[in-house]
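# Give me a model of this one.
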Amino acid sequence: MDQFGAQLPAEAVYVTKEVEIEDDSDGEFDYSTVPVDTTFVDEGDNESFNQTLKMVQDAKKITAPPLTSQPRLVDRPEVVEDFVRNFLVRKGMTRTLNSFQAEWYELKKKGAIQDADSVPVPDCYTRNNELQEQIDTLLGDQQVKLEAVAKAGKTVVKTKKERDYHRLAHRGIKEECKELTREIERLHDYYENVTTENETLQKKYETTKRRGVLLGLERDRTQVEIQELTQQYNTLAVAQDAGDEADAGEAGEAGAAVPPPPAELPGMEDTGAAVMPLHTPTYLALGVPDVAYPMSRERAEALKMQCTFQAHDQAVSAMAFHGPTKQLATASDTGGFKIWDAQSAASAQLLSEGDAHKYWIGGLDFHPTGDFLASSSGDGTVKLWDIQQAECLATFNEHTQAVWDCAFHYSGNFLASCSLDNSAKVWDMYTQQCRSTLRGHVDSVNSIDFQSDSNTLVTASADATVQIWDARTNLATLTLKGHGNACNHAVFNRHGNSLASADADGVVKLWDVRTGEATASFNAGPAAANRCAFDPSGAVLAVACGDKTTKILDATTLETITQLGGYYDSVESVLFEPSGKFLVSCAADGSVHMWDETTEEP
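Numbering: from 1, shown residues only. Okay, the predicted model is just below:
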């Protein structure tokens with residue numbers, strides 16, 4: 001137990017201290033008498049004891065300064081007997097310790113052991129013990145570190161071996177990478193050479209193909225000319241034999257100038273299949289006839305709205321115009337169509353109407369005679385209508401999805417249609433059967449049109465391409481690429497040497513049909529360019545746009561000439577009156593607008 005009575009542990013260190021208790025009595029203190037200074041005593045003042053006490057309390061108090069030094073612990077050296085006790089405790093020799101304690105205090109009580117015998121243990125011995133303990137600790141730490149170093153050495157050796165292995169593998173991979181890089185470069189050069197050669201061969205193929213088509217056309221034209229000349233010769237010979245050479249000459253001139261009569265339509269006497277013409281009509285041999293009202297730049301800049309009328313309750317989705325009869329046909333998303341008398345841009349009178357389809361109508365076209373109208377619809381059918389009788393003559397339903405557009409051949413014996421099923425079809429008006437199916441697009445075919453007085457077709461597709469087809473062989477003779485989005489419409493000019501296309505981004509492109517190259521481009525975006533139309537003279541191109549405007553462009557450079565507004569919704573279609581007299585456009589709000597450069601009286 002310690003000096004305060006606390007139980008010490010077995011391994012506690014025993015320390016004996018000698019303490020001297022001082023006597024607090026003052027018997028040996030030398031007292032002295034304090035003299036009284038009488039100079040401060042006022043004999044005449046009878047102060048009481050309370051007054052004196054108050055005076056003392058009011059006096060200035062002197063406080064002792066605070067202690068600045070901190071208590072200090074003095075490490076006293078260990079005496080011999082404590083050293084022995086501590087040694088026995090450390091070694092666990094409790095019985096020896098008890099015997100030592102009993103004998104020690106017994107001898108000290110008898111006076112055999114004096115205070116002088118309790119001398120401290122020499123510092124060198126204590127220091128040696130401390131150093132020995134430090135040495136033992138350091139040796140233990142050293143052993144641990146030696147083991148760690150040995151383990152680290154093994155790890156370093158293993159790491160070096162792995163490093164050497166990975167270095168070798170890395171070198172192998174670098175060599176392989178270099179070899180593969182050289183191989184890739186060689187293949188890239190080979191690919192470029194093959195691509196260049198392929199492009200050259202493709203151009204040669206297309207050129208040869210076009211030449212073959214042109215040669216075929218030239219051959220057919222020559223054969224027809226030979227047949228015509230033979231017929232004229234026979235006619236002249238018969239006339240000469242009859243003795244009427246003058247009349248025979250006039251008959252020959254009339255036969256060369258008058259176009260062949262149009263073929264009969266379905267329901268007539270002829271029940272055989274129609275034959276696709278092999279030549280350009282005789283009356284076009286000297287070129288396209290002049291237009292009565294050519295659309296010059298000045299006329300285009302002066303275009304003004306002459307009249308507008310609400311043609312349908314819903315969007316006007318398609319229009320067609322027949323020049324000789326001055327009839328305008330309009331179709332709606334409701335599936336109905338209307339025929340209007342449009343003699344001028346000043347007014348239009350409703351002639352007839354009908355419910356043609358169950359769903360929206362995507363395309364309309366007049367037969368060249370003006371007696372029949374073809375319509376294509378979202379119900380997947382194409383129908384042929386007798387305008388006078390207001391009845392359906394034929395229904396073509398071989399398309400598997402919605403039909404977007406339709407167009408008559410100049411002879412009237414064939415009708416072409418295009419559909420969401422990625423195909424276009426040519427229908428025989430005699431047999432009322434599908435004559436051929438044109439497949440080449442990989443997405444919806446959105447529009448179809450015949451080249452003027454030709455067997456050539458053009459289709460525009462959602463796969464962003466435009467294709468030109470030979471309707472006799474059913475082969476695509478040219479594919480035009482350059483649009484970045486779905487092509488909504490493509491149309492030939494009247495001369496057939498130029499082609500315009502419009503896409504969903506509002507981009508309009510002009511193409512040279514002979515070379516297949518784009519000659520000009522115009523961006524009407526971001527709204528879509530829905531439909532476009534050349535004026536009959538081929539000088540101006542009108543574009544129906546989704547931004548509620550109609551753009552009038554130069555048909556050579558596609559520079560903007562003017563812009564027609566006044567619509568309340570997207571402009572869906574636009575066309576020129578076949579003689580070039582005025583312009584007609586329709587919008588998604590069901591309205592039709594007619595434009596001319598001068599105001600005309602109704």
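# Which SSE is immediately downstream of the lowest-mean-pLDDT helix or strand in the chain?
Least confident element among the helices and strands of the chain, by mean pLDDT, DSSP states H and E: helix 245-257 (a mean of 40). Note on helix 245-257: by DSSP states H and E, the next helix or strand toward the C-terminus is helix 297-301.
# Can you give the contact residues for that next one?
539-540, 552, 554, 561-562, 597 (C-beta atoms under 8 Å, 6 or more residues apart in numbering). Glycine gets a C-beta too; all of them are placed from N, C-alpha and C.
# mind listing what's buried in it?
By 16 or more other C-beta atoms under 10 Å, the buried positions in helix 297-301 come out as 299-300.
# coming back round to it: taking the contacts of helix 297-301 as a set, which two sit the farthest apart in space?
By the measure C-beta to C-beta, Asp554 and Glu597 form the most distant pair in the contacts of helix 297-301, at 16.6 Å.
# Just the mean pLDDT for the top helix by length along the chain, thanks.
In the chain, with assignment by DSSP state H, the single longest helix is helix 123-242. Across helix 123-242, pLDDT averages out at 85.
# other SSEs contacting it?
Contact analysis of helix 123-242 by 3 or more C-beta pairs under 8 Å, 6 or more residues apart in numbering; DSSP states H and E lists helix 245-257, strand 475-481 as its packing neighbours.
# Just want the angle from that helix to strand 475-481.
Using axes from the mean of the first three to the mean of the last three C-alpha atoms, to 10 degrees, the inter-axis angle of helix 123-242 relative to strand 475-481 is 140 degrees.
# How far off centre is helix 123-242?
In terms of C-alpha atoms, centre = their mean, to the nearest Å, the centre of helix 123-242 is set 26 Å apart from its chain centre.
# Kindly report the same for stretch 586-593.
Centre to centre, stretch against its chain (C-alpha atoms, centre = their mean), the figure for stretch 586-593 is 33 Å.
# where are the low-confidence patches of the protein?
Residues of the chain that meet the criterion pLDDT under 70 lie in 1-53, 56-77, 119, 121-123, 238-272, 277-290, 599-602.
# try 80
1-80, 114-127, 129, 213-214, 216-218, 220-221, 223-225, 227-228, 231-292, 598-602 (pLDDT under 80).
# thought His593 was touching Cys586?
Yes - with contacts counted by C-beta atoms under 8 Å, His593 reaches Cys586, the gap being 7.3 Å.
# between those two, who's got more neighbours?
Neighbours per residue, other C-beta atoms under 10 Å: of His593 and Cys586, the larger number sits with Cys586, 28 against 22.
# For the more buried one, which three-state class applies?
At Cys586, secondary structure determined by DSSP: H, G, I helix; E, B strand; the rest coil is strand.
# Give me the phi and psi for the closest residue to it other than its chain neighbours.
Leaving aside its chain neighbours, Cys586 sits nearest to Val316 (3.6 Å; criterion: C-beta to C-beta, 6 or more residues apart in numbering). The phi and psi values for Val316, taken as degrees, to the nearest 10, are phi -80, psi 110.
# Just list whatever residues bridge to Val316.
With DSSP bridges as the criterion, Val316 is bridged to Ser332.
# dump the residue contacts of it.
Val316 makes contact with 330-332, 572-573, 586-588, 590-592, according to C-beta under 8 Å, 6+ apart.
# Most neighbours among these, which one is it?
Ala331 leads those on contacts (other C-beta under 10 Å) with 30 neighbours.
# so who does it touch?
Ala331 touches 316-319, 337-338, 356, 361, 363-364, 375, counting by C-beta under 8 Å, 6+ apart.
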